[in-house]
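**Student:** I need the structure of the sequence given here:
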Amino acid sequence: MKILKSVGKSFNIFLQKVGGVTKFIISIFSNLITLPIYGREIVKAFFQIGWMSLPVLGLTALFTGGALALQIYAGGSRFNAEQVVPAIVAIGMTRELGPVLGGLIVAARVASSIAAEIGTMKVTEQLDALITLSTNPIKYLVIPRIIAATLSLPVLIAVGDSIGILGGYVVGVNRLDFSSSTYLVSTASMLQFSDIYSGIVKGVFFGFIISVSGCYSGFNSSNGAEGVGKATKSAVVTACVFILATNYVLTEAFFNS
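**Tutor:** The predicted model follows:
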């Protein structure tokens, strides 16, 4: 009976979480199509989520592209296939590594920041103050972050893909003795629009997941500093897990198509 009680309690908590997230997402879409629109908050969110994430995302992509080139060269040399390095670096960055690593990096930075900010506002009763001032917290706090993350992450991923390919080019030319023109021609000839498009589409989903995870965890944080810390941790873990799961689903869809 204790085992059944434990399983039932865990399942009940899971259903409550699913119901809470579903209700939260429905509230987001219902407020997204109604006025007012807080343009200043949207611009501010674009700066904080998009522009401020660019340095760490660029460094991650640069070193990932360089390391990928070295690893592919080491593996390809066993089969006398060193010439595939430019093509696989480009395809690997645009289809998989760029979107996934970009999503995880932004999730670690943005989801935690959103959850901590909104959680602190809840603890200090600033959310109640907004309601008192006839301001909808969903429209004022959540919608700008949803819009900014959903639209800026595809751009960040596109920039990260370019920087990652550049990292592979630098390593390939200076470390692996590839000809500069040969490397560029091989990259351009093998890279297709579908490779770039799939990563951009993933970025849209990842941005939405990151912002929803951060906002939901912040709004449902418990009182006190410990509750804010738990909300921050929950936002990052949830965002990362759903990014990886969604990445597989989207990859399967693009693979079948």
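
**Student:** gap between T232 and K2?
**Tutor:** Separation of T232 from K2 (C-beta to C-beta, to the nearest Å) stands at 33 Å. The C-beta positions use only the backbone N, C-alpha and C, and glycine is treated the same way.

**Student:** compare the two (neighbour count), which wins?
**Tutor:** Relative neighbour count places T232 above the other of T232 and K2, with 23 against 6, counting by other C-beta atoms under 10 Å.

**Student:** and the more buried one, what pLDDT?
**Tutor:** Predicted confidence (pLDDT) for T232: 89.

**Student:** who's in contact with it?
**Tutor:** Neighbour list for T232: 112, 115-116, 119, 217 [criterion: C-beta atoms under 8 Å, 6 or more residues apart in numbering].

**Student:** ok, so of these, who is nearest V236?
**Tutor:** Nearest to V236 out of the contacts of T232 is S112 (C-beta to C-beta; 5.1 Å).

**Student:** contacting residues for the closest one?
**Tutor:** 214, 232, 235-236.

**Student:** so what's the gap between the helix or strand containing it and the chain middle?
**Tutor:** The secondary structure element spanning S112 is helix 112-123 (assigned by DSSP states H and E). In terms of C-alpha atoms, centre = their mean, to the nearest Å, the centre of helix 112-123 is found 19 Å from the chain centre.

**Student:** for stretch 229-242, same thing?
**Tutor:** For stretch 229-242, the gap between its own C-alpha mean and the chain's C-alpha mean amounts to 12 Å (C-alpha atoms, centre = their mean).

**Student:** what strand or helix carries V173?
**Tutor:** Here V173, judged by DSSP H and E, is contained in helix 143-174.

**Student:** now the angle between helix 112-123 and that helix, please.
**Tutor:** Relative orientation of helix 143-174 versus helix 112-123 (axes from the mean of the first three to the mean of the last three C-alpha atoms, to 10 degrees): 160 degrees.

**Student:** helices and strands around helix 143-174, which ones?
**Tutor:** Counting contacts by 3 or more C-beta pairs under 8 Å, 6 or more residues apart in numbering; DSSP states H and E, helix 143-174 packs against helix 2-32, helix 39-45, helix 54-76, helix 85-92, helix 98-106, helix 180-190, helix 193-219.
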